[in-house]
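Okay, here's the prediction I keep looking at, along with the sequence it came from:
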Amino acid sequence: MCADNKSDHSTDDDSEISHEAMSHQYTPLGYKLYRNKTVSRKRILAQTLVTGATMLTSAGCGMPVGYSAILLPQLQNNNDSMNINDELASWIASVHSAATPFGSLVSGMLMDRCGRKLVLQFASVPLILGWILIGFAQNHTFLLLGRAVAGLSAGLSAAAGQVLIGEITEPHLRGMLSSGPFVSYSFGILLVYALGSILPWRYVAGLSTILPFTAILVFLFLPESPVWLVRHNKIEKAGEALTWLRGGNHLQAKEETDHLVQRLQQETETKTSLKALLKPQVLKPLLIINLFNILQILSGTYLIVFYAVDILSHLNGESFDHFLAASLTACVRFLFTIISTLLLGVVGRRTLSLTSGIGTSLSALCLGVVLHQSCKENNLLMALFVLFYVASNTIGFFVLPGVMLGELFPAKVRGHAGGFTFMIFNFVLFGVAKIFPFVKSTIGISGVFWTFGASSLLASLFLYLMLPETKGKSLSYIEDYFQQNNLIWIRRDKNWENKFFNRNETERLNV
């Protein structure tokens, strides 16, 4: 966060804009006027319930991601027809990510046509089918097919979940609740690691169908995104959804509905088009999120998940239980996604991202040095570096891309842009996961961690220059920021916030 800009903070700012004015600036509807404690508890509970349903879906999608880490060692130790070599193992690990982009592409179109909630329900169907194919597979073809079908589900649900949470939550809750799916995603990875350490892989596949079945049922009782409802001329239903999401506060729900209608009327184009996607307010967040995603992948965020047991086998002697070590990294990831969720409510996005990037880089570079020196007797030191790497990477790099997706894109293109972003992300992830065994054999495990460290440093520099501070800001504020004539955050027009406040105050008086 830039120290010379006081307006980076949304609460304890001592600039010439008053605290009351800043409250209206970031939330033009003035939700802080509603102080009824019963209503406050109800609205927090309502928004948490929708987030919880989304977390069920993301937990289910986290399980196939971590599944390869427990599946591959079991298949490699088999002497039957399901035995695999390194080439086939790389396909089993990466084919999930190869299929995910197609789910993401379809997700963008479905979100805008059918709604965020319906897409999340539909996403659970291929996941259930994928687990059934895996569980009953008698050859490698059906195993790969099951992994690919499950990958479609991850692509369908990822953007839809983040968009739904971003659109139903209030600004002061959005950071914490938007990171909720990553907590459950990490829990899904931890759960599949734990199950795989005590059960055969077929039984794990069968048990993994429980979460997506539950998610389908829970979503039946929850409302659709009010933003989507307004954009499809379902104003009355949007008001009903917002009334429930705001704890029964009809006045706040009406103001927010009127604001959504007003923002829609200000748009000049009637439907999403390629021209809309090429506008600066869309291209800027597309550039920021996608470049960050690529650097995040190269920093090892997901490779350590896909190949956890294989990577950890290089860090300690043969006597070390690598399944236990992989489960320990999953525990650390789960714990620090929870910590990240809490921090997002009090710490800015920029501070969290830079802390995560620097911590990831230092731990990865140090681990690379230790491994290069072949210090096998320093097992404890290497283990500490690995856990610190996972913790620091998780607290920011793992969580923030999803939070950014729900915050940075304009409402008009949020579905299409979110689906496109996850499509690019998963294409890159597939390529990196597929070539990882070759890269590891070429540069060695120490070179792998040096690459992780260098990528983390580059990502930190990129985020310092480009990432806007969105903590406590309304989605309208963020959308208007990207319409300014700037791309680099540290060189932005620091007076534009006054203009934003004055314009929104005028809009409030005209509602």
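Here it is on my side, so go on. Residues are numbered from 1 along each chain as shown.

quick one: which helix or strand includes the most centrally placed residue in the chain?
For the chain, Gly402 is the residue whose C-alpha lies nearest the centre (CA atoms, centre = their mean; 2.7 Å). In the assignment (DSSP states H and E), Gly402 maps to helix 400-408.

Output the contacting helices and strands for that helix.
In this structure, helix 400-408 makes packing contacts with helix 140-168, helix 171-178, helix 280-298, helix 349-372, helix 414-466, helix 475-481, judged by 3 or more CB pairs under 8 Å, 6 or more residues apart in numbering; DSSP states H and E. Quick note: C-beta positions are derived from backbone N, CA and C, even for glycine.

Just want the angle from it to helix 280-298.
170 degrees (axes from the mean of the first three to the mean of the last three CA atoms, to 10 degrees).

could you give the mean pLDDT of helix 400-408?
The pLDDT scores in helix 400-408 average 82.

quick revisit: could you report the neighbour count for the closest residue in space to the residue nearest to the centre of the chain that isn't next to it in sequence?
Spatial nearest neighbour of Gly402, excluding adjacent residues (CB to CB, 6 or more residues apart in numbering): Gln162 at 4.8 Å. Counted with other CB atoms under 10 Å, residues neighbouring Gln162 total 29.

who's in contact with Gln162?
Going by CB atoms under 8 Å, 6 or more residues apart in numbering, Gln162 touches Ser178, Pro181, Gly402, Val403, Leu405, Gly406, Gly418.

re earlier: list just the one of the helices and strands packed on helix 400-408 that sits closest to Val125.
helix 140-168 (7.6 Å; CB to CB).

so who does Ile304 touch?
Ile311, Thr329, Tyr389, Val390, Asn393.

Test my guess that the second one contacts Val390.
Spelled out, that is Thr329. Yes: in this structure Thr329 lies within contact range of Val390 using CB atoms under 8 Å: 4.9 Å.

give me the number of residues near Val218?
17.

What strand or helix carries it?
helix 210-219.

Find the residue ranges of the protein scoring beneath the pLDDT cut-off.
Within the chain, the segments meeting pLDDT under 70 span 1-39, 78-81, 267-277, 306-326, 374-379, 494, 496-511.

try 50
1-34, 270, 272, 318-319, 507-511 (pLDDT under 50).

coming back round to it: ranking the helices and strands packed on helix 400-408 by burial, who's on top?
helix 140-168 (a mean of 26; mean count of other CB atoms under 10 Å).

Now do that helix against helix 210-219, angle only.
30 degrees.

Off-centre distance for helix 140-168?
13 Å (CA atoms, centre = their mean, to the nearest Å).

How about stretch 284-299?
Per CA atoms, centre = their mean, the centroid offset for stretch 284-299 relative to its chain is 12 Å.

for stretch 428-447, same thing?
Worked out by CA atoms, centre = their mean, stretch 428-447 lies 23 Å from the chain centre.

follow-up on the earlier one: check which helices and strands the helix holding Val218 sits against.
helix 37-76, helix 116-135.

returning to what we had before: with distance to Pro64 as added columns, please give the contacts of Gln162 in CSV.
Below are these laid out as CSV (distance: CB to CB, whole Å):
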residue, distance to Pro64
Ser178, 22
Pro181, 15
Gly402, 17
Val403, 23
Leu405, 21
Gly406, 23
Gly418, 21
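
Which secondary structure element is home to the closest residue to Ile70 other than its chain neighbours?
Counting by CB to CB, 6+ apart, Ile70 lies nearest to Gly196, which is 2.7 Å off, once chain neighbours are set aside. Remark: Gly196 resides in helix 180-198, with elements defined by DSSP H and E.

Just the buried residues of that helix, please?
180-196 (16 or more other CB atoms under 10 Å).

Just the C-alpha atoms of stretch 99-115, please, in PDB.
What follows is stretch 99-115, C-alpha atoms only, in PDB (Å, rounded to 0.1, in the frame of the first residue of the first chain):
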ATOM      1  CA  ALA A  99     -10.900 -29.700 -19.000                       C
ATOM      2  CA  THR A 100     -11.500 -26.900 -16.600                       C
ATOM      3  CA  PRO A 101     -11.100 -24.000 -19.100                       C
ATOM      4  CA  PHE A 102     -14.000 -25.300 -21.200                       C
ATOM      5  CA  GLY A 103     -16.200 -25.300 -18.100                       C
ATOM      6  CA  SER A 104     -15.100 -21.700 -17.400                       C
ATOM      7  CA  LEU A 105     -15.900 -20.600 -21.000                       C
ATOM      8  CA  VAL A 106     -19.400 -22.000 -20.700                       C
ATOM      9  CA  SER A 107     -19.800 -20.600 -17.200                       C
ATOM     10  CA  GLY A 108     -19.400 -17.100 -18.500                       C
ATOM     11  CA  MET A 109     -22.300 -17.400 -20.900                       C
ATOM     12  CA  LEU A 110     -24.500 -19.400 -18.600                       C
ATOM     13  CA  MET A 111     -24.000 -16.900 -15.700                       C
ATOM     14  CA  ASP A 112     -25.300 -14.000 -17.700                       C
ATOM     15  CA  ARG A 113     -28.200 -16.000 -19.300                       C
ATOM     16  CA  CYS A 114     -29.400 -18.400 -16.500                       C
ATOM     17  CA  GLY A 115     -28.100 -16.800 -13.300                       C
END
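
Could you give the separation of it from the chain centroid?
Using CA atoms, centre = their mean, the offset of stretch 99-115 from its chain centre is 16 Å.

What are the buried residues along it?
For stretch 99-115, by 16+ other CB under 10 Å, it's 99-108, 110-112, 114-115.

can you check stretch 249-269 too?
So, applying 16+ other CB under 10 Å, buried residues of stretch 249-269: Asn249, Gln252, Ala253, Lys254, Glu255, Glu256, Thr257, Asp258, His259, Leu260, Val261, Arg263.

distance of Ser68 from Asn139?
18 Å (CB to CB, to the nearest Å).

and the two? which has more neighbours close in?
Ranked by neighbour count (other CB under 10 Å), Ser68 and Asn139 place Ser68 first, with 26 against 10.

Now Asn485: which helix or strand?
Per DSSP H and E, there is no helix or strand for Asn485.

and it, what does it touch?
Contacts of Asn485 by CB under 8 Å, 6+ apart are Asp493.

Setting aside sequence-adjacent positions, which residue approaches Phe430 most closely?
Per CB to CB, 6+ apart, closest to Phe430 is Ser97, 3.8 Å.

let me fix that: Val227
Glu167 (4.2 Å).

And Ile189, by the same measure?
Gly66 (3.6 Å).

Isn't the one you found up against Leu195?
No: assessed by CB under 8 Å, Gly66 is found out of contact with Leu195, at 9.8 Å.
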